[in-house]
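J.: the sequence and its predicted three-dimensional model are supplied below.
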Amino acid sequence: MTSHPATTTRRYSRLTFGVYHAKDPVKYNGVSTPVERRTDLGIQGLVPAAFVPLELDVQRCMEQLRSKATPLEKYIYLQSIQDVSERLYYAILVAHTAEVMPIVYTPTVGAACENFSKTYRGTLRGMYFSLKDAGNIRKIFDNWPSQHVTTIVVTDGERILGLGDLGVNGMGIPIGKLALYTACAGIHPAHVLPVQLDVGTNNEKNIQDPYYLGLKQPRERGPAYDALVTEFFEAAMDKFGEDVLIQFEDFGNLNAFRLLDAWKDKACTFNDDIQGTASVAVGGLLASEKLTGKKLSEHTFLFSGAGEAGTGIAELMAYAISIELSIPVEDARKKIYLVDSKGLVTKSRLESLQHHKLNFAHDVADCKSLKCAIDALRPSAIIGVSAMPGTFDKEVCEKMAQYNEHPIIAALSNPTSKAECTAEQAYTWTNGKAIFSSGSPFAPVTLADGRRFVSGQGNNAYIFPGIGLGRLAACSTRITNHDMYLAAKVLSEQVTQQELDVGCLYPPLSKIREVSAHIAVAIAKNAHETGVATEAMPENLMEHVKSLMYDPFEDPYVEQ
Ligand SMILES: NC(=O)C1=CN([C@@H]2O[C@H](COP(=O)(O)OP(=O)(O)OC[C@H]3O[C@@H](n4cnc5c(N)ncnc54)[C@H](OP(=O)(O)O)[C@@H]3O)[C@@H](O)[C@H]2O)C=CC1
Ligand SMILES: CC(=O)C(=O)O
Ligand SMILES: [Mg+2]
């Protein structure tokens, strides 16, 4: 395999490509290009005479954005800006993160995926490898215009948010995740690559849709599937270097666990749904200690959902508890319970349980429903990761408030339409006792008695950008569960008392670049300490991390 430089280039070089410059969205700045540079760049006459400072251009775009009637129209408008000028796009995302994240990410990205084929405009944004490309993936990689890719997000489209199998329409997810890598952690936009593996789809609506852009065949379940994934990994590492980060995203759980197992020790990879989600959830629970007075080990946890997110979180919780109490992780699992589509995961079901649930099959009485399990186990925290909206209904929330002074209620399923309950429901039904968080954002809630609550967004978006930046800073070749634990701890330390006072377990999105930088320092430090860094440790890690962060507001014409 060839080796490649892994450090990122922060600024563009000056280019003189004329019209090609105007057609390269990573470099093009439109009316924000200083007038005196336009001749050199060959774009004189291609833009109106006025120079518009980037801040003003952002303001103009925000006004247009706000005038759009639907979230999907807003999404398409922002994509159209990204197609023309990534600098402007990222300036919008950085300056207005809290307002635009629900558009480029969950919940709107869900609608964007559902409409992906219908709204496709032919933009060059990511690569598609289908079963028909088997044997040629390495060669096809050469078609990608950037030779220096550090960060890939790959999906096979089988479990897109809680929306199920969307096939190639799931491509909106890698695109959205990588937009956050850049906006939230400053990974250079020229160095990211969204990838869709097209292995067919079992979504009948896609098959019947004349506009559907993927292979119209049943999802491949045989050896050809594994062969395509293997070829993709090997080709990506050959093309971009063995330390290229490859994030698994929204695979179905038939494949997600085994692929992670197969690749975690052979590539720089992690599964965001299993590991990133675990980290953000544990981070929120660590932060909640200051509100409840309870350590992780003092809780009883009950999950609704025992798939990637559910068991991923449960395992990292157990790991965190084992560290907190210096006990074996097997013992730490004892107060963590899972409910799946068939009821409570118990020992009596051992023979029919999927592998990822086995560690949490406890010797307790069977329960067919979440309510039965709540009455039997009296959990202090319930975590919804089932994509079953309404699961945390009035009775569930009332029971939690009856059994706890400060019940933790996390409705983490995405998009909003799949949330187990809304913020307003959680606060109203518990009479303001709930400590609530959700996977997709909810507006602040004011109860009839005037108490105001700001719920936090328990979404892996707080984690993966910082992980990616940290491993880049150390040029590390592996990502581990301990990294996820460290990220959770750092995240929890970023929450202020003021934020906790209104019930929020996460820092505001306006601080996310700072949060990512802190997570990155912890990840890079761990890489150096555990021998997976391939660069010498710099004297000041925070300075180094920040120096790598792409900032759209910096002058892009500074020579290297
Ligand atoms: N906030 C965040 O950052 C993240 C949120 N998520 C969200 O979590 C949800 C689940 O994702 P993921 O874990 O990957 O999906 P999986 O398909 O891996 O798991 C879904 C789980 O839900 C269970 N389930 C289905 N119906 C019910 C029910 N009525 N009651 C209880 N459990 C039920 C399934 O049971 P069975 O095993 O029996 O089939 C399965 O265990 C999605 O909506 C996703 O968007 C995911 C990742 C990150
Ligand atoms: C947030 C995320 O990764 C999911 O819902 O799948
Ligand atoms: Mg996901």
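T.: Good, I have the coordinates. Ligands and ions are numbered 1, 2, ... in the order given.
J.: where does the stretch 151-300 of the chain come near ligand 1, residue by residue?
T.: Contacts of the stretch 151-300 of the chain with ligand 1, taken as Cβ under 6 Å from any ligand atom, map to Arg159, Leu161, Gly162, Asn253, Asp273, Thr277, Val280. Every C-beta, even on glycine, is put in place using the N, C-alpha and C of the backbone.
J.: for these, pick the one with the most neighbours.
T.: For these, counting by other Cβ atoms under 10 Å, the largest number of neighbours falls to Val280: 31 neighbours.
J.: show me what the mean pLDDT comes to for the helix or strand where that one lies.
T.: If you go by DSSP states H and E, Val280 is part of helix 277-292. Here helix 277-292 scores 97 as its mean pLDDT.
J.: and ligand 3, which of the residues of the stretch 151-300 of the chain next to ligand 1 contact it?
T.: Restricting these to those within reach of ligand 3 (Cβ under 5 Å from the ion) leaves Asp273.
J.: out of the residues of the stretch 151-300 of the chain next to ligand 1, which are inside helices?
T.: Members of these lying in helices (criterion: DSSP state H): Asn253, Thr277, Val280.
J.: surely the last one and Asn460 touch.
T.: Yes. With contact defined as Cβ atoms under 8 Å, Val280 reaches Asn460; the gap is 5.1 Å.
J.: phi and psi next, for the residue of the stretch 351-500 of the chain found nearest ligand 3.
T.: Nearest to ligand 3, among the residues of the stretch 351-500 of the chain, is Asn460, at 6.9 Å (Cβ to the ion). Dihedral pair for Asn460: phi -60, psi -10, per degrees, to the nearest 10.
J.: next up, the contacts around it.
T.: Asp272, Asp273, Gly276, Thr277, Ser279, Val280 (Cβ atoms under 8 Å, 6 or more residues apart in numbering).
J.: could you find the closest non-adjacent residue to it?
T.: Gly276 (3.4 Å; Cβ to Cβ, 6 or more residues apart in numbering).
J.: quick one: distance of the helix holding Val280 to the chain centre.
T.: When distances are taken as Cα atoms, centre = their mean, to the nearest Å, helix 277-292 is centred 17 Å away from the chain's centroid.
J.: what comes up buried for that helix?
T.: Applying a neighbour-count criterion of 16 or more other Cβ atoms under 10 Å, one finds 277-288, 292 buried in helix 277-292.
J.: the following helix or strand past that helix - contacts with which helices or strands?
T.: With elements assigned by DSSP H and E, the helix or strand that comes after helix 277-292 is strand 301-304. Strand 301-304 is packed against helix 308-325, strand 336-340, helix 370-377, strand 381-384, with contacts defined by 3 or more Cβ pairs under 8 Å, 6 or more residues apart in numbering; DSSP states H and E.
J.: would strand 301-304 count as contacting ligand 1?
T.: Yes. Using Cβ under 6 Å from any ligand atom as the criterion, contacts between strand 301-304 and ligand 1 involve Ser304.
J.: sheet partners, orientation included, of that strand?
T.: Partner strands and pairing direction for strand 301-304 (DSSP bridges) are strand 336-340 (parallel), strand 381-384 (parallel).
J.: how far off centre is the strand of greatest length in the chain?
T.: If you go by DSSP state E, the chain has its longest strand at strand 192-198. Computed by Cα atoms, centre = their mean, the chain-centroid distance of strand 192-198 equals 15 Å.
J.: repeat that for stretch 460-469.
T.: For stretch 460-469, the distance to the chain centre is 7 Å (Cα atoms, centre = their mean).
J.: now do the same end-to-end measure for it.
T.: 15 Å (Cα to Cα, to the nearest Å).
J.: kindly report the same for stretch 150-163.
T.: Distance across stretch 150-163, first residue to last, is 29 Å (Cα to Cα).
J.: and the closest residue to ligand 1 within the stretch 1-150 of the chain, how many neighbours?
T.: Ranked by Cβ to the nearest ligand atom, the top residue of the stretch 1-150 of the chain for proximity to ligand 1 is Thr106, at 7.5 Å. By the criterion of other Cβ under 10 Å, Thr106 has 24 neighbours.
J.: also the one 4 residues further on?
T.: Neighbourhood size, Gly110 [other Cβ under 10 Å]: 25.
J.: now swap in Arg452 and tell me
T.: 12.
J.: surely it meets Gly432?
T.: No. Applying Cβ under 8 Å, one finds Arg452 not in contact with Gly432, separated by 9.7 Å.
J.: chain neighbours aside, what residue packs nearest to Ser32?
T.: Leu54 (4.6 Å).
J.: list the residues that contact the one you found.
T.: Applying Cβ under 8 Å, 6+ apart to Leu54 gives the contacts Asn29, Ser32, Arg87, Leu88, Ala91, Pro552, Phe553.
J.: circling back to that earlier point, now the helices and strands packed on strand 301-304 in JSON lines, with mean neighbour count and distance to Phe442?
T.: Below are the helices and strands packed on strand 301-304 laid out as JSON lines (neighbours: other Cβ atoms under 10 Å; distance: least, Cβ to Cβ, whole Å):
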{"stretch": "helix 308-325", "mean neighbour count": "24", "distance to Phe442": "18"}
{"stretch": "strand 336-340", "mean neighbour count": "25", "distance to Phe442": "23"}
{"stretch": "helix 370-377", "mean neighbour count": "19", "distance to Phe442": "21"}
{"stretch": "strand 381-384", "mean neighbour count": "28", "distance to Phe442": "13"}
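J.: mind putting the ones you listed in TSV, mean pLDDT and distance to ligand 1 included?
T.: Formatted as TSV, these follow (pLDDT from 0 to 100; distance: least, Cβ to the nearest ligand atom, whole Å):
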stretch	mean pLDDT	distance to ligand 1
helix 308-325	98	3
strand 336-340	98	3
helix 370-377	98	6
strand 381-384	98	8
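J.: could you dump the ones you listed to a markdown table with distance to ligand 2?
T.: Shown next, in a markdown table, are the helices and strands packed on strand 301-304 (distance: least, Cβ to the nearest ligand atom, whole Å):
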| stretch | distance to ligand 2 |
| --- | --- |
| helix 308-325 | 7 |
| strand 336-340 | 18 |
| helix 370-377 | 20 |
| strand 381-384 | 12 |
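J.: neighbours around Leu469, how many?
T.: If you count neighbours by other Cβ under 10 Å, Leu469 ends up with 29.
J.: my guess is it meets Gly186, correct?
T.: Yes. In this structure, Leu469 is within contact of Gly186 by Cβ under 8 Å, at 6.7 Å.
J.: shared neighbours of the two, anything?
T.: Ser516, Leu548, Met549.
J.: among those residues, which are located in helices?
T.: Per DSSP H, those map to helices at Ser516.
J.: can you pull the phi/psi pair for Glu554?
T.: Main-chain torsions, Glu554, degrees, to the nearest 10: phi -80, psi 150.
J.: okay, now it: neighbour count?
T.: Glu554 has 13 neighbouring residues, counting by other Cβ under 10 Å.
J.: from ligand 2, how far off is it?
T.: 29 Å (Cβ to the nearest ligand atom, to the nearest Å).
J.: also Gly214?
T.: Taking Cβ to the nearest ligand atom, one finds Gly214 at 19 Å from ligand 2.
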